[in-house]
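**Student:** Any chance you can model this:
(one chain, ligands or ions: 3)
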Amino acid sequence: MDFSIKAFNTKNAIAQHKSSCIAVGVYEGGKLSTAAKALDLKGSLTAAVKSGDITGKAGTTLLVHRSSGPAKRVLLVGLGAQDAVSDRNFISAIQSVTRVFSQLGANDALLALPLDGIKGRDAHWALRTQVHALRESVFRADSLKSKKDETQSGVRKVTLLVDAADAATKHTLKQAVAVANGMDFAKTLGNLPPNICTPTYLATSAKQMAREVGLGVEVLDRKQLEALKMGSFLSVTNGSVQPPKFIVLKHMGGKAKDAPVVLVGKGITFDTGGISLKPGGGMDEMKYDMCGAASVLGTMQAVGEMELPLNVIGVIPACENMPSGTATRPGDIVTSMSGQTIEILNTDAEGRLILCDALTYVERFKPACVVDIATLTGACITALGHHNTGLFTRHDEAHDALADELLAAGKYANDTAWRMPIEEAYNEQLKSNFADMANIGGPPAGSITAACFLERYTRKYTWAHLDIAGTAWKSGGAKGSTGRPIPMLTTFLIDRAEG
Ligand code: BES
Ligand code: MN
Ligand code: ZN
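**Tutor:** Ligands and ions are numbered 1, 2, ... in the order given. As a prediction, this is how the structure comes out:
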């Protein structure tokens, strides 16, 4: 999809703009927005509203065909109450527009919704939100279907109304497109079947992406991981014939001496549970157990494309969790790279086992902070559902500040997280009689004990953990990856670089 921006004024009026379709807003009570008023040729739009076919309720639409004027069609879209359009109403209006655009027998359109007057949001937010909704609506996951879902019709070239086509607005558009590209990359990887998207495939994709956007990349293989003594990570890959990969991506956009932000993503390309085998129903969805890795890849791609003036390093431990005669058993004790020993009581709690070694590895970068992203626990879905990502950090001043940054970024990007506690009391549940810790803490507070486990490997830097088990993909009829939490992560990084 092609985007351009355009500002209108008295000399260059919207009524003179040539387009197959112009989408404009209508407020509750049928009140036309400024752009709609300017297009109300011979009262045609007023008449359409008077007919009662559109009331201005958020997300409703009415397509008006015209015989005269430079715009062939005007799409009226409801924004709700005018005094302060809520961000939810604005998003719902945009989503309705994208639905109509995707069905339209036209290639180009102008999106001219009012960008001011959205409660608590500015024009940059509105621009970014529109780009993301439009890109989401044209995303397809049918690369492996012999007959594609539907013909790729609909609007492909969108002009977006802005207040001023100035440098700041162009910058926002460039960033929004870069983030959308990163999300497409991550969603495509997430949706790929696990027989294609193996650890090797992830490593190859990472190298190709790194070449395209100019990132440094290094992939460590089993021998190097053994030399690093990553006994915990390697124990998870024991049952698989697919070789493990450890991917490191670097974007050094900041000053050489500036401490980097490090992102660590869980890259289990398929999670059967191992010897602690999962039940069969819905097990296909465990192909999404690499969505943390995909979000790191997508974020790194966006960061590279945006040429963000910040040092960012992405690290991905990738392997498969399979049962076999060589697989790790419940009861096995392994030694992590940190030297701490782990009694593996459940081989299905494998995410923390690969992450703990990656979290030790990243100490070498002397990070400004480390954020790990993982589809870590079903318990996080029980706690927060599919709306919020779980956010965990220690509870001190530095960590409260990092948590607040991530929460605010999530709110801005419409990709929210909710903070959960890490406390000594929960740590009791990880006690083992035979090793430094067990890898599970029993049924109560499963997402918290998982975070407590990771916390033991992150004492050398400021750290946050994002459990995306409930937010990384959708099940059911709309099954597919969401690209979350890339909007939150990229906003967080943009704020650090430019804030
Ligand atoms: N990848 C799963 C977590 C998961 C499950 C995410 C379902 C999304 C949907 C993880 O590796 C896992 O299996 N966790 C176990 C931990 C338990 C054995 C302590 C879980 O959540 O059941
Ligand atoms: Mn598991
Ligand atoms: Zn898993």
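**Student:** Any idea how many residues pack against the residue of the chain found nearest ligand 3?
**Tutor:** In the chain, the residue that lies nearest ligand 3 is D271 (3.7 Å; C-beta to the ion). From N, CA and C alone the C-beta is placed, and that goes for glycine too. Neighbour count for D271, taken as other C-beta atoms under 10 Å: 24.
**Student:** Now for it: which residues touch it?
**Tutor:** By C-beta atoms under 8 Å, 6 or more residues apart in numbering, the contact list for D271 reads 278, 286, 289, 321, 348, 350-351.
**Student:** Next, work out how far apart the residue in the stretch 301-450 of the chain positioned nearest to ligand 1 and A469 are.
**Tutor:** Residue nearest to ligand 1 within the stretch 301-450 of the chain: G378 (3.4 Å; C-beta to the nearest ligand atom). Taking C-beta to C-beta, to the nearest Å as the measure, G378 falls 6 Å from A469.
**Student:** what ranges do the helices span in the stretch 151-300 of the chain?
**Tutor:** Here the stretch 151-300 of the chain has its helices, by DSSP state H, counting those that start in this stretch, at 167-191, 199-213, 222-227, 231-237, 291-306.
**Student:** Could you dump those helices into CSV with distance to G59 and mean neighbour count added?
**Tutor:** Shown next, in CSV, are the helices of the stretch 151-300 of the chain (distance: least, C-beta to C-beta, whole Å; neighbours: other C-beta atoms under 10 Å):
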stretch, distance to G59, mean neighbour count
helix 167-191, 22, 21
helix 199-213, 36, 19
helix 222-227, 50, 13
helix 231-237, 45, 26
helix 291-306, 28, 29
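**Student:** Switch the ones you listed over to JSON lines; also include mean pLDDT and distance to ligand 1.
**Tutor:** Formatted as JSON lines, the helices of the stretch 151-300 of the chain follow (pLDDT from 0 to 100; distance: least, C-beta to the nearest ligand atom, whole Å):
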{"stretch": "helix 167-191", "mean pLDDT": "98", "distance to ligand 1": "12"}
{"stretch": "helix 199-213", "mean pLDDT": "98", "distance to ligand 1": "16"}
{"stretch": "helix 222-227", "mean pLDDT": "98", "distance to ligand 1": "20"}
{"stretch": "helix 231-237", "mean pLDDT": "98", "distance to ligand 1": "10"}
{"stretch": "helix 291-306", "mean pLDDT": "99", "distance to ligand 1": "9"}
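**Student:** So for L76, which of those helices sits nearest?
**Tutor:** Closest of those to L76 is helix 167-191, at 25.0 Å (criterion: C-beta to C-beta).
**Student:** Number of residues surrounding the residue nearest to S86 when sequence neighbours are not counted?
**Tutor:** Leaving aside its chain neighbours, S86 sits nearest to K119 (5.4 Å; criterion: C-beta to C-beta, 6 or more residues apart in numbering). By other C-beta under 10 Å, 12 other residues sit near K119.
**Student:** got the contact list for K119?
**Tutor:** Contact analysis of K119 by C-beta under 8 Å, 6+ apart lists 84-87.
**Student:** got the phi/psi numbers for it?
**Tutor:** K119 has phi and psi values of phi -60, psi 120 when expressed as degrees, to the nearest 10.
**Student:** again with V64
**Tutor:** Backbone geometry at V64, expressed as degrees, to the nearest 10, gives phi -110, psi 120.
**Student:** picking that back up, of the contacts of K119, closest to ligand 1?
**Tutor:** Proximity of these to ligand 1 (C-beta to the nearest ligand atom) peaks at D87, which lies at 28.0 Å.
**Student:** Spell out which parts of the stretch 351-499 of the chain neighbour ligand 3.
**Tutor:** G351 (C-beta under 5 Å from the ion).
**Student:** hang on, the earlier thing: please list only the buried members of the contacts of K119.
**Tutor:** Among the contacts of K119, those classed as buried by 16 or more other C-beta atoms under 10 Å are 85-87.
**Student:** Export the residues you listed as CSV, with columns for distance to ligand 2 and secondary structure.
**Tutor:** Output for these, formatted as CSV (distance: C-beta to the ion, whole Å; DSSP: H, G, I helix; E, B strand; the rest coil):
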residue, distance to ligand 2, secondary structure
V85, 43, strand
S86, 39, coil
D87, 35, helix
